[in-house]
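Chemist: What would the 3D arrangement of this be:
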Amino acid sequence: MPSAPAPAPIFEQGNQPEGVPPLALTGERTLPDVPEENYWFRRHLAVYEWIAARVAGLRAIDMACGEGYGSDVLAGSAASVVGVEANPEAHEHARLRYQRENLRFARDLVETFPEPADAVVFLQTIEHLQDPGAVLAHFRALVGESDKGVVFISTPNVLTLAPKGAERSDNPWHVHEYRSGEFEQLCRGTFGAVEMYGLFHARKLRAHALALKLGWDAVHPRLHMTKPFYDRFTPAIAASDFVLRSAADADLDKALDFIAVCRP
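Modeler: Numbers count the residues shown, from 1 in each chain. Model prediction:
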């Protein structure tokens, strides 16, 4: 009788400040300070940094903020930021870890958080929702009808997330995974103006993708260097190894993630 497969290792954040409880990596959200997770963390961080430059001086809400690192990035330029998170462990971690005069964290649901703002940021979460249209309508109400009201939404591209030929990925937390046109249509159902962008590999991740096309995956196992290579390569990935391009400048079907910039 074959033995049961070994359970997947549980990774936990390292090097946390004194008094800040580390979070465990569950697959529901990405985390900084976990070397094995660095690719996904930097992939999300690149989008937060891009948005931070566009919310300078605005009152922003970071919905479903998770660990809190993105709220902290936004607070580097925004007039004020509220990080909203329902999970009690993530909320407590964020509250203790990230402290700025213009940053606070609220434990609440994205569907019901009531405070108005100039900008709402909602990254890598809409794919978790049973009723995304209702949540987008709530966000539109929060930013009102002012000229500076804006909502930033991101989601993974099912065409590059799922295995080739599969309808969706095996992520158990995802309710629905989107193609570019479907995601844009969802956003346009609520907002008057929608600009679509895609996130792509750049710099060393682009070089790595080209190496894979040339057969790198067949070489490193034969050289017995898979683990040593990726133990060094993955932690070295930076946010600058990703780039955002507009729908006018790139084929969004090849994007890693979609980013919609929505205005009332």
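Chemist: and Ser139, helix, strand or coil?
Modeler: One correction, residue 139 is Phe, not Ser. helix (DSSP: H, G, I helix; E, B strand; the rest coil).
Chemist: you'd agree it is up against Gly149?
Modeler: No - counting by Cβ atoms under 8 Å, no contact exists between Phe139 and Gly149, whose distance comes to 9.7 Å. C-beta coordinates here come from the backbone N, C-alpha and C atoms, glycine included.
Chemist: Against which helices or strands is the longest strand belonging to the chain packed?
Modeler: Counting residues, the longest strand found in the chain (DSSP state E) is strand 193-201. In terms of contacts (3 or more Cβ pairs under 8 Å, 6 or more residues apart in numbering; DSSP states H and E), strand 193-201 is packed against helix 38-52, helix 180-188, helix 203-213, strand 242-246, strand 257-263.
Chemist: ok, and for whichever helix or strand comes after the longest one, which residues are buried?
Modeler: Tracing the chain past helix 38-52, the next element assigned as helix or strand by DSSP states H and E is strand 59-63. Along strand 59-63, the positions that meet the burial threshold by neighbour count (16 or more other Cβ atoms under 10 Å) are 59-63.
Chemist: Skipping adjacent residues, who's closest to Asn87 in space?
Modeler: Gly66 (7.7 Å; Cβ to Cβ, 6 or more residues apart in numbering).
Chemist: Make sure I have this right: Val121 is in a strand.
Modeler: Yes - the assignment for Val121 by three-state DSSP puts it in a strand.
Chemist: Would you list the phi and psi of Phe105?
Modeler: Main-chain dihedrals, Phe105, degrees, to the nearest 10: phi -120, psi 140.
Chemist: correct me, but it touches His91?
Modeler: Yes - assessed by Cβ under 8 Å, Phe105 is found in contact with His91 at 5.9 Å.
Chemist: so what sits against both of those two?
Modeler: Glu85 (Cβ atoms under 8 Å, 6 or more residues apart in numbering).
Chemist: ok, residues contacting stretch 149-157?
Modeler: Under Cβ under 8 Å, 6+ apart, the answer for stretch 149-157 is 47, 51, 54-55, 58, 118-124, 126-127, 136, 139-140, 143, 169, 177-180, 183, 187, 191, 198-199, 252-253, 255-264.
Chemist: re the thing from before, give the residue from Phe105 and His91 that has the larger number of neighbours.
Modeler: Shown here are Phe105 and His91; by other Cβ atoms under 10 Å, Phe105 has more neighbours (24 against 21).
Chemist: which ones are touching that one?
Modeler: Phe105 neighbours (Cβ under 8 Å, 6+ apart): 65, 68, 71, 82-85, 91, 94-95, 98.
Chemist: Any idea which helix or strand in this protein has the lowest mean pLDDT?
Modeler: helix 216-219 (a mean of 75; mean pLDDT, DSSP states H and E).
Chemist: pretty sure His220 is touching Phe229, no?
Modeler: Yes - under the criterion of Cβ under 8 Å, His220 makes contact with Phe229 at 5.8 Å.
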